[in-house]
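# 3D model of this:
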Amino acid sequence: MKNDKRPLIAFMVTLCIVLAVFGASMLKTNAYNSTKHQALFSGEGLFSAEDEKTVPLSVKAAARGSTWSKVFDFENVDLTEHNYQAYTYDFSLSNNTKDEVDFFSFRLTFPKEVFLASAWNGALEIHQHTAAGEIVATIPDLRDFNAQDYPLITATVDGETFVTMEPGDYFVYIPSSSMNALEVPIEPMEGTTPGLILYVAIEESIEDATLELEYTFHRLFTSEPLFWVAIVGLGIWLIALLIFIITTIKIKEYKDRHERDNKIINESIETFTGFIDAKDPYTNGHSKRVATYTRLIAKEMGYEGEELDRIYYIALLHDCGKIGVPDNILGKPGKLTDEEFQIIKSHTVRGGEILSSFKSLENVGEGARYHHERYDGRGYPEGLAGENIPLIARMICVADSFDAMNTNRVYRDKLTKEKIISEIERNKGTQFDPQIADVMLRLLRDDVIHVG
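Have a look, this model is predicted:
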């Protein structure tokens, strides 16, 4: 369809939808990355030997096999028997997703008294509760702890200083991001293992402690399902656009070739009909005018496109049989004899025969052979009547008669518009198909076809 903008609008709307999906994937990814996730682990859930793979980031605590003990004699009663045992605990964090863990921290709350001896990699934010209030201090590396640098409650045994953690006290583990002990980010399906050493009373453990985990992800856009929906959509859009462009170019090439072929056909037929019209100076240009009027009639009747072109060419060739009529008869100024009139009438049959080999234009011979048939059956060459006369021939009959009345002839001058309209009205149903005659009258009265 000429200048049809609907495909362009459809492509623009589709592209906007694809871009909107891209935008939605970015927003969704950013929202996911800024969300803080939390999880709680305690008891068997924390100290179980089996890692919980169903949660995004899991934590499992385990004590190493080798331990040692000390005498913690805070009352100075000369205790000799070891009453506190050291445990080395590993806290294994496992990233069970395809996303990168951007950051994590965990809070470990102790249900009983313990003494922190050492921790590695990350920092510890210590929270101690006292009668005077809460004490908070962050120790970057407990291995380098100096009690004089922090306002924390500590205990010293055998020259070794420990941080005292009463029931309800807790620390927050902050992972290291240094190159020497890189704990964050945690790559997809990878993990990290912070550790600490602490002392608890012999026959006690921290397996009833509570660990609260907080973490954020860094999800790549390529890991967001909507991103791939948008990629697939964009791919389909580009393929469709490419097909559309190629198809449009091919259609344009076809149309250009079709128009060029039509131009060649039209010029060839017009050249041929020009030879025919040149035989009679009084009807010069008659074939082209009749073809134009016939096309206007057909268009008014609802025909369009290539069918209109076909009708035009058939009408253009309607008088081709006159090529075989002698010039002295065709241009005779006086009345024709019966024999001469029969020769003139034979141009219809001769025209049909000439066009019988013209196979590329469907029913091309109908216009030449039957345009002098009358609706009442009194025409020639076969005396067909009514609907038995091919429709194209009935159209040409009206157009041909109008052109005859609208041009000067050797035997009379052209008629006025009123007289032409009167003649067409008078011959409706006799010479002319009444419906086609009404179409011609409407075109005349609306000045679509001009008289004069």
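# pLDDT-wise, which helix or strand of the chain ranks last?
helix 327-330 (a mean of 75; mean pLDDT, DSSP states H and E).
# buried residues, it. List them.
Leu330 (16 or more other CB atoms under 10 Å). Where C-beta positions appear, they are placed from N, C-alpha and C, glycine not excepted.
# what stretches of the protein score poorly on pLDDT?
Filtered on pLDDT under 70, the chain yields the residue ranges 1-3, 49, 51-52, 279-283, 410-411.
# got the domain boundaries for it?
Under the assignment named as automatic domain parsing, the residue ranges that make up the domains of the chain are 38-218, 256-445.
# so what secondary structure elements neighbour the following helix or strand past the least confident helix or strand of the chain?
If you walk from helix 327-330 toward the C-terminus, the next helix or strand you reach (DSSP states H and E) is helix 338-345. Under the contact criterion of 3 or more CB pairs under 8 Å, 6 or more residues apart in numbering; DSSP states H and E, the helices and strands touching helix 338-345 comprise helix 327-330.
# which one is Phe145 nearest to, not counting chain neighbours?
Spatial nearest neighbour of Phe145, chain neighbours left out: Ile139 (5.8 Å); criterion: CB to CB, 6 or more residues apart in numbering.
# and that neighbour, what does it touch?
Contacts for Ile139 (CB atoms under 8 Å, 6 or more residues apart in numbering) come out as Ala123, Leu124, Ile126, Phe145, Tyr150, Val163.
# quick check: the fifth one vs Phe171, distance?
Distance of Tyr150 to Phe171, computed by CB to CB, to the nearest Å: 13 Å.
# ok, the two, which is more surrounded?
Neighbours of Tyr150 and Phe171, each counted by other CB atoms under 10 Å, are more numerous for Phe171; the result is 25 against 15.
# okay, and the more buried one sits in which element?
strand 170-174.
# could you pull out the strands in the stretch 51-200 of the chain for me?
Taking DSSP state E, counting those that start in this stretch to define them, one finds strands in the stretch 51-200 of the chain at 57-63, 69-70, 84-95, 100-109, 114-120, 123-130, 133-139, 154-157, 160-165, 170-174, 191-192, 195-201.
# pipe the ones you listed into TSV and attach distance to Ala404 per row.
As requested, the strands of the stretch 51-200 of the chain are arranged in TSV below (distance: least, CB to CB, whole Å):
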stretch	distance to Ala404
strand 57-63	97
strand 69-70	131
strand 84-95	96
strand 100-109	91
strand 114-120	114
strand 123-130	110
strand 133-139	112
strand 154-157	126
strand 160-165	120
strand 170-174	106
strand 191-192	101
strand 195-201	113
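# who wins for proximity to Thr247 among the ones you listed?
When these are compared by CB to CB, strand 100-109 sits nearest Thr247, at 44.8 Å.
# show me what contacts the nearest residue to Thr109 once chain neighbours are set aside?
Spatial nearest neighbour of Thr109, excluding adjacent residues (CB to CB, 6+ apart): Tyr170 at 4.0 Å. Tyr170 makes contact with Arg107, Leu108, Thr109, Phe110, His127 under the criterion CB under 8 Å, 6+ apart.
# please apply the same query to Ile343.
By CB under 8 Å, 6+ apart, the neighbours of Ile343 are Val325, Pro326, Ile329.
# ok, those residues vs Val232, which is closest?
Within the set of those, Val325 lies nearest Val232; the separation is 71.6 Å, counting by CB to CB.
# overlap in contacts of Tyr150 and Phe171?
The overlap between the contact sets of Tyr150 and Phe171 (CB under 8 Å, 6+ apart) consists of Ile126.
# out of the contacts of Ile139, which is nearest to Cys320?
Ala123 (104.1 Å).
# gap between the closest one and Val172?
Relative to Val172, Ala123 is positioned 9 Å away (criterion: CB to CB).
# just Thr294 next, same as before
From Thr294 over to Val172 the distance is 95 Å, taken as CB to CB.
# picking up where we left off before, tilt between the strand holding Phe171 and strand 100-109?
Compare the direction of strand 170-174 with that of strand 100-109 by axes from the mean of the first three to the mean of the last three CA atoms, to 10 degrees and you get 160 degrees.
# let me know the angle separating strand 170-174 from strand 114-120.
10 degrees.
# partners of strand 170-174 in the sheet?
For strand 170-174, the paired strands and their directions (DSSP bridges) read strand 100-109 (antiparallel), strand 123-130 (antiparallel).
# residue ranges of the helices in this structure, please?
6-34, 44-47, 225-278, 286-300, 306-316, 327-330, 338-345, 347-354, 365-370, 391-405, 417-426, 434-445 (DSSP state H).
# can you pull the contacts of the nearest residue to Pro111 once chain neighbours are set aside?
Using CB to CB, 6+ apart and skipping the chain neighbours, the partner closest in space to Pro111 is Asp208 (5.1 Å). Asp208 is in contact with Ser42, Gly43, Pro111, Lys112, counting by CB under 8 Å, 6+ apart.
# my read is that the second one contacts Ser205, right?
No - at 11.3 Å, Gly43 and Ser205 do not qualify as touching, with contact defined as CB atoms under 8 Å.
# who has more neighbours out of those two?
The residue with more neighbours, out of Gly43 and Ser205, is Ser205; 15 against 11, by other CB under 10 Å.
# you'd agree the more buried one is up against Tyr87?
Yes - using CB under 8 Å, Ser205 is in contact with Tyr87, at 7.2 Å.
# list residues touching both of the two?
Both Ser205 and Tyr87 are contacted by Ala63, under the criterion CB under 8 Å, 6+ apart.
# rewinding a little: tell me the bridge partners for the residue nearest to Thr109.
Here Tyr170 sits in beta bridges with Thr109, His127, going by DSSP bridges.
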